[in-house]
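S.K.: curious how this folds, go ahead:
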Amino acid sequence: MGQFDEVYKRSLEDPEGFWGEAADDVFWFKRWDSVLDDSNPPFYRWFEGGTTNTCYNALDRHVEEGRGEQAALIYDSPVTDTKQSFTYRELTDKVAAFAGALEKYGVGYGDRVIIYMPMIPEAAIAMLATTRIGAVHSVVFGGFASNELAKRIDDCKPKLIVTASCGIEPGRTVAYMPLLDGAIEMAKHKPDHCIVYQRPMAEAELTEGRDVEWNAAHEGASPAACAEVKATDPAYILYTSGTTGVPKGVVRATGGHIVALKWSMKNIYNVDPGEVFWAASDVGWVVGHSYIVYAPLFHGCTTMLYEGKPVGTPDAGAFWRVISEHKVSTMFTAPTAIRAIKKEDPDGKLLANYDMSHYKAQFLAGERCDPDTLHWCEEKLKVPAVDHWWQTETGWPIASNCLGIEQLPVKAGSPTRAVPGWNVQILGEACNEVKRGDIGAISIKLPLPPGALPTLWQNDERYVESYLADYPGYYKTGDAGYMDEDGYIYVMTRTDDIINVAGHRLSTGGMEEVLANHPAVAECAVIGVADQLKGQVPLGFVVLKDGVNTPEEQIVQELVQMVRKEIGPVAAFKQATVVQRLPKTRSGKILRGTMQKIADGQDYPMPATIDDPAILPEIKEALEEIGYAK
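M.R.: So this is what the prediction gives:
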């Protein structure tokens, strides 16, 4: 066996010894009574009895251990022409000060704080400050539509909301306060206060008695110390799409989160303390939580916070400029970003303008990585290009080429093998492993390793129903794929109706709910169709009510605007087609999978349960008229 095989084998055969050793790299106020508490399956708890603090492990310990003058966070914003660097000492002071402001406004241990922020240093400061006092943050992607934000307010019931006056995108400013005001108006639960960071590009109008400006919030507040937090208490809640349109609150337990993320920095990404690590994502998504804010700081690295796009800020060399200027050693982004760069600069000529000599590896995740994108990275960047796979629920990679343990041969189309700690199996309908090479449900044998979700926020029943009920003893990833003879995993498709738009998991069911609210729509379906840039984009099919005289083009425009308003621009919903009827089974289920194959120009078998086969040519014709089914 190679070194990777040995490490992987031990992680499954002796998980308590394996993760107990990893936990020795973490600061604990009190060591755990047991590494793994398996007394109440399927609700497993890691480091039961231990106490620690997320913020202390991210900041204070490094100041005390001599890294106080090292850069902790570099903010680079081409959209506002701003660059700032914060040392570990400076960032610790700012976080302690804001934590004191949160306490001043009544936030205490276990209280929830919603953070609705753009990619600015104050977003990271708010996250770290919340964990510092033992409160629980729930970050919502800045600019998310009011009704989606309202659902999250009602589910986690925040004591306080932290926001900014606006987000900045190339060519436009997005005002946040009208969206937040709308969400609070819709929500049944009302936060006590909102702390608002005023950006000069568009200052917000504040509501007297509820809203307080960021600097004013600090007045009279004393810097807060780190609270002693139970390892099994939540550090944060992060909402992810549910098939019902109601978001699921993924919980991250404090102790396991610190241990797993700290371990991953060296063993998966092969990054050392002091090096600069960059995850080109957003704090609103799990990548931003795990690999912008937390893991690099747990490991004593310098982390990048980038407010910009891969192209257009100012050109397709934007990423290479950041890597060169800030001496980034390792970067992580979505294949969508690389495809956008490749589209603008297919030969990679802009790379010649930048010093990339210190660059060690390019990681890709968030969606299935096509071989062309992987090979382009290898050829142009001349470093290992690593496709790896994980989910909001897991919090860190399930499958990857673990560069810090042993670099394995690359197989394009595969995120390599299961990472130590993850017992991945491909299951058939009878909950048995299928033969190597056969497609099945990608599943993970329980218990999940530290850092993965232990449950959903105040909803154990939905946790079991969503992830554990279909394959008893296993976590259902919701992805289908296969494993080859060498143990390499191939993730092929989703097994439910969640689509992946540029790395963002979105529910087609939620979009269908919006379309169905249009007064002219009798029936509708949304599918994810292949898109060269974003991986997938949603496409709507609508059947109109009899007697509707409004032009179809106008209805389609209205539907696009409705989805944009209800779910937000992140849905990338830009196209719908009017059809006479939808293909269904005899029991009335819409054949979305078949429609998707037609749209993507793939061969498909005639569904055995279809009610009327004559409808499929009609669907093909409608798709051809809008540029699909070729």
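S.K.: give me the phi and psi for the closest residue to residue 202 other than its chain neighbours.
M.R.: Once flanking residues are discounted, residue 202 sits nearest to residue 166: 4.1 Å by CB to CB, 6 or more residues apart in numbering. Using the backbone N, CA and C atoms, a C-beta is placed for each residue, glycine as well. Here is the backbone geometry of residue 166 (degrees, to the nearest 10): phi -160, psi 160.
S.K.: repeat that for residue 515.
M.R.: The phi/psi pair for residue 515 (degrees, to the nearest 10) is phi -60, psi -40.
S.K.: when you give positions from now on, start the count at 885
M.R.: In the new numbering, first residue 885, that becomes residue 1399.
S.K.: please tell me how far it sits from residue 1101.
M.R.: 41 Å (CB to CB, to the nearest Å).
S.K.: helices along the stretch 885-1034 of the chain, start to end?
M.R.: 887-897, 899-907, 938-939, 945-946, 972-988, 1005-1016, 1030-1040 (DSSP state H, counting those that start in this stretch).
S.K.: ok, which of these comes nearest residue 959?
M.R.: helix 1005-1016 (4.9 Å; CB to CB).
S.K.: name the helices or strands packed onto that closest one?
M.R.: helix 938-939, strand 955-961, helix 972-988, strand 996-1000, strand 1020-1023, strand 1044-1048, strand 1118-1124, strand 1186-1190 (3 or more CB pairs under 8 Å, 6 or more residues apart in numbering; DSSP states H and E).
S.K.: just want the angle from it to strand 1186-1190.
M.R.: Helix 1005-1016 and strand 1186-1190 meet at an angle of 130 degrees, taking axes from the mean of the first three to the mean of the last three CA atoms, to 10 degrees as the criterion.
S.K.: can you dump the C-alpha atoms of helix 1005-1016 in CSV for me?
M.R.: C-alpha atoms of helix 1005-1016 as CSV (Å, rounded to 0.1, in the frame of the first residue of the first chain):
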residue,chain,number,x,y,z
PRO,A,1005,-13.6,42.5,5.6
GLU,A,1006,-16.5,43.4,7.9
ALA,A,1007,-18.3,40.1,6.8
ALA,A,1008,-15.4,38.0,8.1
ILE,A,1009,-15.1,40.2,11.2
ALA,A,1010,-18.9,39.7,11.9
MET,A,1011,-18.6,35.9,11.5
LEU,A,1012,-15.6,35.6,13.8
ALA,A,1013,-17.0,38.0,16.4
THR,A,1014,-20.2,35.9,16.6
THR,A,1015,-18.3,32.7,17.2
ARG,A,1016,-16.1,34.5,19.7
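S.K.: centre of the chain to it, how far?
M.R.: 18 Å (CA atoms, centre = their mean, to the nearest Å).
S.K.: tell me the angle of it relative to strand 955-961?
M.R.: 140 degrees.
S.K.: roughly how far apart are residue 1116 and residue 1228?
M.R.: Distance from residue 1116 to residue 1228, by CB to CB: 47 Å.
S.K.: cool, residue 1145 as well?
M.R.: 33 Å.
S.K.: the two: which is more packed in?
M.R.: For residue 1145 versus residue 1228, the count of surrounding residues by other CB atoms under 10 Å is larger for residue 1145: 28 against 15.
S.K.: continuing past the helix or strand harbouring that one, what's the next helix or strand?
M.R.: In the assignment (DSSP states H and E), residue 1145 maps to helix 1138-1151. Sequence order places strand 1160-1163 as the next helix or strand after helix 1138-1151, per DSSP H and E.
S.K.: what's that next one in contact with?
M.R.: With contacts defined as CB atoms under 8 Å, 6 or more residues apart in numbering, strand 1160-1163 is touched by 955, 958, 1149, 1153, 1155, 1171-1172, 1174-1176, 1179-1180, 1185-1188, 1190, 1206-1207, 1210-1217.
S.K.: so where's this protein uncertain?
M.R.: Confidence mapping of the chain against pLDDT under 70 gives the ranges 1126-1129, 1377-1382, 1389, 1391, 1469-1473, 1492-1493.
S.K.: can you list the domains in it?
M.R.: By the assignment in automatic domain parsing, the chain contains the domains 972-1111, 1385-1509.
S.K.: circling back to that earlier point, counting by contacts, list what the helix holding residue 1145 packs against.
M.R.: helix 899-907, strand 929-932, strand 935-936, helix 938-939, strand 1113-1114, strand 1118-1124, helix 1179-1182.
S.K.: rewinding a little: make TSV from the helices and strands packed on helix 1005-1016 and add mean neighbour count to it.
M.R.: Below are the helices and strands packed on helix 1005-1016 laid out as TSV (neighbours: other CB atoms under 10 Å):
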stretch	mean neighbour count
helix 938-939	28
strand 955-961	21
helix 972-988	22
strand 996-1000	27
strand 1020-1023	26
strand 1044-1048	26
strand 1118-1124	25
strand 1186-1190	24
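S.K.: can you say which of these is nearest to residue 1361?
M.R.: Residue 1361 lies closest, by CB to CB, to one member of the helices and strands packed on helix 1005-1016: strand 1118-1124, at 12.6 Å.
S.K.: could you grab the helix/strand/coil label for residue 1424?
M.R.: Judged by DSSP: H, G, I helix; E, B strand; the rest coil, the three-state class of residue 1424 is strand.
S.K.: and the strands in the stretch 1185-1334 of the chain?
M.R.: 1186-1190, 1212-1217, 1245-1248, 1269-1271, 1283-1284, 1301-1302, 1308-1311, 1324-1329 (DSSP state E, counting those that start in this stretch).
S.K.: how about the ones you listed in JSON lines, adding distance to residue 1351?
M.R.: JSON lines is the format used below for the strands of the stretch 1185-1334 of the chain (distance: least, CB to CB, whole Å):
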{"stretch": "strand 1186-1190", "distance to residue 1351": "30"}
{"stretch": "strand 1212-1217", "distance to residue 1351": "25"}
{"stretch": "strand 1245-1248", "distance to residue 1351": "25"}
{"stretch": "strand 1269-1271", "distance to residue 1351": "24"}
{"stretch": "strand 1283-1284", "distance to residue 1351": "18"}
{"stretch": "strand 1301-1302", "distance to residue 1351": "18"}
{"stretch": "strand 1308-1311", "distance to residue 1351": "13"}
{"stretch": "strand 1324-1329", "distance to residue 1351": "10"}
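S.K.: so which of those strands gets nearest residue 945?
M.R.: Once these are compared by CB to CB, strand 1186-1190 is nearest, at 15.7 Å.
S.K.: relative to strand 1212-1217, how tilted is that closest one?
M.R.: Orientation check (the same axes, to 10 degrees): strand 1186-1190 against strand 1212-1217 gives 50 degrees.
S.K.: helices or strands next to strand 1186-1190 in the packing?
M.R.: Short answer (3+ CB pairs under 8 Å, 6+ apart): strand 1186-1190 packs on strand 955-961, helix 1005-1016, strand 1160-1163, helix 1179-1182.
S.K.: please identify which of those is closest to residue 1317.
M.R.: Closest of the helices and strands packed on strand 1186-1190 to residue 1317 is helix 1179-1182, at 31.7 Å (criterion: CB to CB).
S.K.: helices and strands around that closest one, which ones?
M.R.: helix 1138-1151, strand 1160-1163, strand 1186-1190.
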